[in-house]
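**Student:** 3D model of this:
(2 chains)
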Amino acid sequence: MKVAGKTKVLVAGVLIAGTLATACSPSQTQSAVHQSGTTTIVFWDLFGGADGTTMNQIVKKFNQTHPSIHVQEETQDWGQYYTKLITAVLGGKAPDLAISHVDHIGILRTQGVIEPLDKEAASAGIKWSQFFEPPMKDAVINGKHYAIPLDIHTYLLFYNKKVLQSAGISPSQLNIASYNDFVSICNQVKEHGYVPLSFGESGWGPLAIWETFYYQMGGTSLLNKAGTKETFTDATNDAVAIKAMQKLYDLYNTSHIIPSNISNPDELFKSGKAAFCIEGTWSVDDFHKALGDQLGVAQMPVFFQQPAAWADSHTFVLPVNPNRTPEQTKDAMIFVKWIENHAWMWAKAGHIPANKIIQNTPQFKALPYRSNYGSQASFVKYFPMTDTVWMMSDNEILNKLQGILLKQTPVARGVQEMGQILDRQLEE
Amino acid sequence: MVSVRKYMPSYLLMLPFLILYLLFTFYPIVRGLIISLQKFYVLGTKRFVGLANYNYLLHDSTFLSSIWHTVIFVVFSVPLLVIIPFCLALIVNAPIKGRKIYQAIFFLPMILGVSVVSSVWSAMLGNYGGLVDAVLNAIGIHQEINWTAQSTQLAWISVLAVTVWWTAGFNMVLYLAALQDIPKELYEAASLDGASGWAKTCFITLPSVKRVTILIVFLQFIASFNVFGQIFLLTGGGPAGATTTIVSYIYEKSFSEFLFGPGAAASYILFFILLIVSLIQLRLMSKTE
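**Tutor:** All right, here's what the predicted structure looks like:
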């Protein structure tokens, strides 16, 4: 084949330009502060938004008050966090300390990414009894502690007082005692031209709502005790799982409380066009900034028989890192202990501190809205922790769920298929 | 041995490239083949399982549908990315005012990275504030359409539109070069014979760009089969997995689920698909020579 001369030159030119452009992009420079007598702790987290700025401030404060320790915080993208963490451990560039979701530590342990920290925690003076029960359940595997819980972050019901008022609903008398209550309030809002509930249709959000409904209806644990088989399609739970899914489906497709496919639910709520938004504790300050005193924050309502709400916990873990000296391990634990003692600072990000004692501190009580939902920590429900599967980022499950909401799969069959997918994945 | 000695300087000159090539291209290819035959835990045990990973893929409906999605993308994107760049090249090759500016405008998106292109477009294609919907609202179409996630069709249209906008410039440059290589005399002679502009395009321009068209089709086939970045960032493979392509599948398996065995096997299946496509194309090209 003969390509005309000019073409060759042009192609070559374009290719070279491309290569140069990549080659010239600035390489990441690490701000290695090495003063004599200072240990540097590389600390990885996945905090963006309000979480991110809050953790920046905490780390800064710690570094100021502890001249002999320098914590170098490195924030990775939420979506790619675990991919990066495992490749870093694999490549011998593991951080000294890292954040993990508590229901993800089973997978990290299987993959050989983290190590137990009983001894380290004990010598730093961490008292396990100070923490709320739910995150502690997942932090222990085969009698060994793998994680120190930092917070409980959970879904809350946010509302816009102004929108409710203009729809003729008094925000101070807002009383959502059942699913039907909620739907009728939302219908009233809709008649006044507002979006009733701002919530997405893709990702893990709908799965968390389904899980919440499922537990509120009295469904028992999604997996068996050994974590090897799903149990939500068992004879005892089957009807509940399907009914919970139907109620979720109805929000999108029958009562149209959630408009189809909002591309950015947070922005929509912040723009003041929506009455309600179900979002995580991490959005409290962000929403407050946008809506000011119009913002209302409530616990997850009891839509069905009993209280339950999706939640997760950020925890500290020790990645497998042969280069970490005992001194660094000790200092990393000093950092962890210091944050746990000052966890009201972390509550500024909206989360409920995992350390129970914090809720009684004046600093915590002074934060706006926090007292509205602090007690939700007692009825939160986590996704099941397994050795291989994390439902929150399980695309096959999430795609199947989205397929149900987009009417591609009937509700009952979709739930069955979600069960089959999960069983197959747990076998792998 | 004589030839080796004779060409020694050439081999020596090739050496730096060869070392890098062996290390960063050839070795990963071989390693990938090995991994595709293993049950492979990154930090754990690795053992040979024969063709089990390939067998797994052939029974995985997600993988089979990802092949189908890729074929859809190829079938729509290749013709678009041949015809549109050709038309653009005709425009910027015509003796019109400001052709250099058009040339730059059409080529410019090409120099942007996939992440930039995707984030700009996802902001524009979203609803409740996205630019595209805002324009539609302004001209009286009052619907909040979330282009990248609302339905399978819209998601594909979004991905295709963004891909064409982003990459048409490259093929346009190839066509432009070919157009400028056509001797002016041909057009002059045709004008003297009284040929219309349309006739000149059909009987001079089109036959002259035949070779470069085959090249473009060939390159575009490979590029379209390998589509990943804009899909990953625009639709995330959704809605409900409807835009998951082979490379997205490979990424998901390998780097989200850390199942490197099936991931590597899927890469090899993609490799064989591309190999067959390339062989057919080579055959076609040698015929036109």
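**Student:** So residue B:49 versus residue B:40, what's the distance?
**Tutor:** 9 Å (CB to CB, to the nearest Å). (Each C-beta comes from the backbone N, C-alpha and C, glycine too.)
**Student:** Next: residue B:26.
**Tutor:** 20 Å.
**Student:** What sits closest to the residue of the stretch 1-150 of chain B found nearest chain A if chain neighbours are left out?
**Tutor:** Closest approach between the stretch 1-150 of chain B and chain A, counting by CB to the nearest CB: residue B:126, at 3.3 Å. Distances taken as CB to CB, 6 or more residues apart in numbering or on different chains place residue A:263 nearest to residue B:126, at 3.3 Å, with adjacent residues excluded.
**Student:** Can you check the pLDDT for the one you found?
**Tutor:** Residue-level confidence at residue A:263 comes out at 83, pLDDT.
**Student:** for it, phi and psi?
**Tutor:** Dihedral pair for residue A:263: phi -80, psi -30, per degrees, to the nearest 10.
**Student:** burial measure for it, as a count.
**Tutor:** 25 (other CB atoms under 10 Å in any protein chain shown).
**Student:** can you pull the contacts of it?
**Tutor:** Neighbour list for residue A:263: B:122, B:125, B:126, B:127, B:128, B:130, B:146, B:148, B:149 [criterion: CB atoms under 8 Å, 6 or more residues apart in numbering or on different chains].
**Student:** and the second one, how many neighbours does it have?
**Tutor:** If I follow you right, that is residue B:125. When neighbours are defined as other CB under 10 Å, residue B:125 has 26 of them.
**Student:** My guess is residue B:152 contacts residue B:238. True?
**Tutor:** No. Contact status for residue B:152 versus residue B:238: not in contact, 9.2 Å apart, counting by CB atoms under 8 Å.
**Student:** List the residues that contact residue A:324.
**Tutor:** A:94, A:96, A:318, A:332.
**Student:** what does the stretch 51-200 of chain B have sitting close to chain A?
**Tutor:** With CB under 8 Å from any CB of the partner chain as the criterion, the stretch 51-200 of chain B meets chain A at residues B:62, B:111, B:122, B:125-130, B:144, B:146, B:148-151, B:170, B:173-174, B:177-178, B:180-181.
**Student:** Mark which of those are buried, thanks.
**Tutor:** By neighbour count, with 16 or more other CB atoms under 10 Å in any protein chain shown, those hold B:62, B:122, B:125-128, B:130, B:144, B:146, B:148-151, B:170, B:173-174, B:177-178 as buried.
**Student:** Now do the phi/psi pair for the nearest residue to residue A:427 once chain neighbours are set aside.
**Tutor:** In space, and not counting its chain neighbours, residue A:427 is closest to residue A:228: 7.9 Å by CB to CB, 6+ apart. Main-chain torsions, residue A:228, degrees, to the nearest 10: phi -110, psi -10.
**Student:** distance of residue A:228 from chain B?
**Tutor:** According to CB to the nearest CB, to the nearest Å, residue A:228 and chain B sit 17 Å apart.
**Student:** Smallest gap between the stretch 101-250 of chain A and chain B, at which residue?
**Tutor:** Using CB to the nearest CB, residue A:112 is the residue of the stretch 101-250 of chain A that sits closest to chain B, at 3.8 Å.
**Student:** sec struct for that residue, please.
**Tutor:** Taking DSSP: H, G, I helix; E, B strand; the rest coil as the rule, one finds residue A:112 in the coil state.
**Student:** so it makes contact with residue A:319?
**Tutor:** No. Counting by CB under 8 Å, residue A:112 stays clear of residue A:319, with 10.1 Å between them.
**Student:** picking that back up, among residue B:49 and residue B:40, which residue is more densely surrounded?
**Tutor:** Shown here are residue B:49 and residue B:40; by other CB under 10 Å, residue B:40 has more neighbours (23 against 15).
**Student:** and that one, how far is that from residue B:46?
**Tutor:** 5 Å.
**Student:** picking that back up, residues bridging contact with residue B:49 and residue B:40, i.e. touching both?
**Tutor:** residue B:261.
**Student:** can you map out the strands along the stretch 1-150 of chain A?
**Tutor:** For the stretch 1-150 of chain A, the strands defined by DSSP state E, counting those that start in this stretch cover A:39-45, A:69-75, A:97-101, A:114-115, A:140-141, A:144-145, A:148-149.
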